[in-house]
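J.: next one to model:
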Amino acid sequence: MDVLQAIVLGIVQGLTEFLPISSSGHLRIVPAFAGWEDPGAAFTAVVQLGTMAAVLLYFRKDLTGIARGVLAGLRDPAARTTVEWRLGLFIILGTIPISLIGLALADTIETEFRTLELIGVMLILAGLVLAWSERHRADRPRRQVEEITLRDAAIIGFAQAAALVPGVSRSGATMSAGLFLGLDRVAAARFSFLLSVPAVVLSGLFELRHIGDGDGYGLVPTIAGTVLAFVVGYASIAWLLKFITRHSFNLFVGYRLLLGGVVIVLAAAGSIS
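T.: Residues are numbered from 1 along each chain as shown. Below you'll find the model as predicted:
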């Protein structure tokens, strides 16, 4: 059953990593609903490498251009005026908060932050913030990725760090911050995905040390879940970017509020644990 469970959770990861509904929260909630044991923070982090591979493939042209821009800027100061150079620096800057806070709170993240009650509360609170950002967006200019500033990157980076708490949603937090700063929905989503690459890759590699030592499902099931996360994650990226060109994030807000309420009630009643 471990392989089957890992496959199911890999699909869940692929579906929820890029939607603003919290993949880490769902990887805790789904096993609780199914009566399975918590797969652990290590499995959660490593299976995210599958969805990060999907980002690398989907945004390969953007990421290649950014890498070339950064390398050119390191060699030649005159090349530091390009959009690619600035985006590269902004991604590095935006990754610093989650890296430092993640290392400082590693033990707490893997234990105390994984309670169902906390996840339910954060689903609701972060959902309300997402709804607020949608309303705030109407009064702000709609900027593109190329117009992101150093200040924007720092703020979005700290928003990403909030997603260390399961239920917040990394994509939801960064997209909300982007909307508050006046970014277009698609621009907020694209920068959110690009910013996720170093943070989630480093997190997954850091947690690899736990795989096979009794934490999570073991090596083979984890690989199976990661592969499924990659396939489903790639499809999710394409769908979301198309969806938000014509629709708001309110569908996800409603889902978060409903799921958060259900989780809190069932956890309080002892029906799930």
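J.: low-confidence ranges in the stretch 101-250 of the chain?
T.: Applying pLDDT under 70 to the stretch 101-250 of the chain picks out residues 138-140, 209-216.
J.: repeat that with 90
T.: By pLDDT under 90, the low-scoring segments of the stretch 101-250 of the chain are 102-103, 105-114, 135-142, 199-223.
J.: quick one: the helices in it?
T.: Secondary structure of the stretch 101-250 of the chain by DSSP state H, counting those that start in this stretch: the helices cover 106-110, 116-137, 150-162, 170-180, 185-207, 219-243, 250-269.
J.: deepest of those helices, which one?
T.: Mean neighbours per residue, mean count of other C-beta atoms under 10 Å, is largest over these for helix 170-180, with a mean of 27. Bear in mind the C-beta positions are built from the backbone N, C-alpha and C, glycine included.
J.: who does that one touch, helix- and strand-wise?
T.: If you count contacts as 3 or more C-beta pairs under 8 Å, 6 or more residues apart in numbering; DSSP states H and E, helix 170-180 packs onto helix 116-137, helix 150-162, helix 185-207.
J.: quick one: contacts of the first one?
T.: What that stands for is helix 116-137. 20-22, 25, 28-29, 32, 162, 165-169, 172-173, 175-177, 179-180, 182, 185, 248-250, 252-253, 256-257, 259-264, 266-268, 272-273 (C-beta atoms under 8 Å, 6 or more residues apart in numbering).
J.: picking up where we left off before, mind putting the helices and strands packed on helix 170-180 into a markdown table with distance to residue 43?
T.: Rendered in a markdown table, the data for the helices and strands packed on helix 170-180 read as follows (distance: least, C-beta to C-beta, whole Å):
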| stretch | distance to residue 43 |
| --- | --- |
| helix 116-137 | 16 |
| helix 150-162 | 21 |
| helix 185-207 | 8 |
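J.: right, so of these, which gets closest to residue 79?
T.: Among these, the nearest to residue 79 by C-beta to C-beta is helix 150-162 (17.9 Å).
J.: same list, the helices of the stretch 101-250 of the chain, but as CSV with distance to residue 12 please.
T.: Formatted as CSV, the helices of the stretch 101-250 of the chain follow (distance: least, C-beta to C-beta, whole Å):
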stretch, distance to residue 12
helix 106-110, 19
helix 116-137, 14
helix 150-162, 21
helix 170-180, 15
helix 185-207, 16
helix 219-243, 8
helix 250-269, 13
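J.: out of the ones you listed, nearest to residue 80?
T.: Comparing the helices of the stretch 101-250 of the chain by C-beta to C-beta, helix 150-162 comes nearest, at 13.0 Å.
J.: contacting residues for the nearest residue to residue 228 once chain neighbours are set aside?
T.: Spatial nearest neighbour of residue 228, chain neighbours left out: residue 10 (3.4 Å); criterion: C-beta to C-beta, 6 or more residues apart in numbering. Residue 10 makes contacts with 47, 50, 224, 225, 226, 227, 228, 229, 232, as judged by C-beta under 8 Å, 6+ apart.
J.: residue 10 - that's part of a helix, no?
T.: Yes. Looking at residue 10 with DSSP: H, G, I helix; E, B strand; the rest coil, it is inside a helix.
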